[in-house]
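Enquirer: Fold the following and give me the result.
(2 chains)
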Amino acid sequence: MAYEPESKRGQMNYLNEVWISRELLANLTLREVRGKYKRTALGQLWSLANPLALMLIYTVVVGFIFRIRPAPGDPSGLDAFPLWLLCGLLPWTFLSAVISSGLNSLVGNAGLIQKVYFSRIVLPLSAVGSTAYNWLFEMGVLLIAISIAGAFVLPWIPLVIVAMMLLAVFGAGISLMLSVANVYFRDTEHFVGIFLQIWMYFSPIIYPLSLVANGSAKVGGLLGTNVTVLDIYELNPVEHFVAVFRNLIYDNRFPSVSDWLTCLIWAVASLAIGAWIFRRNERNLAETL
Amino acid sequence: MRGRTSVHEDFWALEDVSFDVPAGSTFGLIGSNGSGKSTLLKCLANIYAPNKGSITHFGKIAAMLEVGSGFHGELSGRENIFLNGSILGMSKKQVSAKFDEIVDFSGVEQFIDQPVKNYSSGMYVRLGFAIAINVNPDILVVDEVLAVGDQEFQDKCLKKFDDFRGAGKTVILVSHSMDTVRSMCDQVAWLSHGRLQAAGEAESIILKYLNSVNGEQS
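Expert: Just a heads-up that it's a prediction; the model follows:
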């Protein structure tokens, strides 16, 4: 990439450099999006296949075999396990996919990094972009399905988009951190694979939070303090993101301010730390890869 | 590995290399394999960051270290032109303006809408080169990419470099072909084992280099 003489690299210059690369970001994202399902018969529809399959599996296993019933939507009155499930599952699969693909974005493009100069941050961000594209498609289908089922979700859509952006920012920050870590320690992708599995089960995605709350109440305070199992459980940022999505899409009400704030703080912190780590290590990437 | 830390020696690919490239000149970089030429070019192209020292330049630099960087096999030649152009720093408008010129230079007009994985290796490389050469920077850094394509294409490339020189732009060129270096370069730097042996007037440096090579052989 043609680049201008190196002036004092302040914060503004870095942001400026990223802004200049925005067309490249769009092009790389398009490259991912177009290339992914090329030459397949079903094309973009395949991005629906995984969530639908998971929905069926969990509905049978959790809804039928375990007989877990979340409370009906309040005030929407909706009582459909598959839809309730998807409200939490789709954001989760998005986050998980962003982290996995972002994580590999530098190592996977080693050749490009070693041959051409461009703002490296474009690589993990294009992974976020192409994953977000698929997610948008999936969420569109969910919103249509849930409207047909009787939820009045239309006025909440702008807030859903805000929540999606917050989750994307959160995921992007983590991607940035991990993509750099993976260049230095290739084990990172294996650790993260296992961690993501665990993380999913410790988030109220396939079961409602009420189960944890009940169990926690029975146990009471831990080690004589006021801290309960539920308090520790609620440290998980995904719990709050899922709560926001469920409130908006399934319950059709405004999520609690504390949930919004928690999501915002986690998103901003994640991006700030991720960008800082990335920027510090960007210069050495070509040599290390 | 001994114990739990790796035991290794630092390998300095380049050490204590200093020279000036006059603006508007065509500067050659010669040396045997492993002398550090490509590493130096990557530093110039801002891909590697030097551990010590600095590189100062005035104007935009573009580097051609590999042709077809970022090409996606399943996308067509047309789509790849925009993608590759974008990677090399051109905006969509700039690529559109130069599109016909690029296709014409590469000679793949007939197959421009075919996926590039179907191109012959020569076509692939000609398209990549055609895009790179149209980036139009102030300083162009080229690594041994002239040794591709047939004679007709090589002539086209050399003519394009001449146009660059005519326009007062700087070209830094790595080549193993002394003929190319002789005909194109005003000044030359000779690297050996990561150190600068000599820099100056093209003909004399080339002679020094050839003498040392021949000297080693005999």
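Enquirer: contact partners of the host helix or strand of residue B:39?
Expert: Residue B:39 belongs to helix B:37-44 when assigned by DSSP states H and E. Here helix B:37-44 makes contact (Cβ atoms under 8 Å, 6 or more residues apart in numbering or on different chains) with A:114, A:286, B:13-14, B:17, B:29-31, B:48-50, B:55, B:57, B:61, B:63, B:65, B:141, B:143, B:172, B:174, B:191, B:194. Using the backbone N, CA and C atoms, a C-beta is placed for each residue, glycine as well.
Enquirer: any idea of the mean pLDDT in it?
Expert: Mean pLDDT, helix B:37-44: 86.
Enquirer: Next SSE downstream of that helix?
Expert: Following helix B:37-44 in sequence, per DSSP H and E, is strand B:61-64.
Enquirer: Sketch out the low-pLDDT regions of chain B for me.
Expert: B:1-8, B:145-149, B:216-218 (pLDDT under 70).
Enquirer: Find the closest residue to chain A in it.
Expert: residue B:89 (3.7 Å; Cβ to the nearest Cβ).
Enquirer: What are the boundaries of the helices in the stretch 51-200 of chain A?
Expert: In the stretch 51-200 of chain A, the helices defined using DSSP state H, counting those that start in this stretch lie at A:81-108, A:110-115, A:122-149, A:157-184, A:188-201.
Enquirer: Taking their axis directions, the fourth one and helix A:188-201 sit at what angle?
Expert: Between helix A:157-184 and helix A:188-201, the angle formed by their directions is 150 degrees, by axes from the mean of the first three to the mean of the last three Cα atoms, to 10 degrees.
Enquirer: Can you tell me the closest non-neighbouring residue to residue B:186?
Expert: residue B:25 (4.6 Å; Cβ to Cβ, 6 or more residues apart in numbering or on different chains).
Enquirer: picking up where we left off before, how would you label the residue of chain B closest to chain A: helix, strand or coil?
Expert: Here residue B:89 is recorded as coil under DSSP: H, G, I helix; E, B strand; the rest coil.
Enquirer: I'd like to know how far the residue most central in space within chain B sits from residue A:87.
Expert: The centre of chain B sits closest to residue B:142, judged by Cα atoms, centre = their mean, with a distance of 1.6 Å. Per Cβ to Cβ, to the nearest Å, residue B:142 is found 55 Å from residue A:87.
Enquirer: again, but for residue B:173
Expert: Distance from residue B:173 to residue A:87, by Cβ to Cβ: 60 Å.
Enquirer: repeat for residue A:182
Expert: Residue A:182 is 31 Å from residue A:87, by Cβ to Cβ.
Enquirer: With residue B:141 instead?
Expert: 53 Å.
Enquirer: Buried only: go through the contacts of helix B:37-44 for me.
Expert: A:114, A:286, B:13-14, B:17, B:29-31, B:48, B:57, B:61, B:63, B:65, B:141, B:143, B:172, B:174, B:191, B:194 (16 or more other Cβ atoms under 10 Å in any protein chain shown).
Enquirer: can you give me the strands in chain B?
Expert: Ranges of strands in chain B, per DSSP state E, are B:26-30, B:61-64, B:139-143, B:170-174, B:187-192, B:195-201.
Enquirer: Mind checking those strands for the one nearest to residue B:108?
Expert: Of all the strands of chain B, strand B:61-64 sits nearest to residue B:108, with 18.2 Å by Cβ to Cβ.
Enquirer: Packing partners of the closest one?
Expert: Counting by 3 or more Cβ pairs under 8 Å, 6 or more residues apart in numbering or on different chains; DSSP states H and E, the packing neighbours recorded for strand B:61-64 are helix B:37-44, helix B:121-133, strand B:139-143.
Enquirer: Just the angle for the longest one relative to strand B:139-143, thanks.
Expert: In this case it means helix B:121-133. 160 degrees.
Enquirer: got a list of contacts for helix B:121-133?
Expert: For helix B:121-133, the surrounding residues in contact (Cβ under 8 Å, 6+ apart) are B:62, B:64, B:66-69, B:71, B:77, B:80-81, B:84-85, B:88, B:102-103, B:105-108, B:111, B:116, B:119, B:145, B:148-150, B:153, B:157, B:160.
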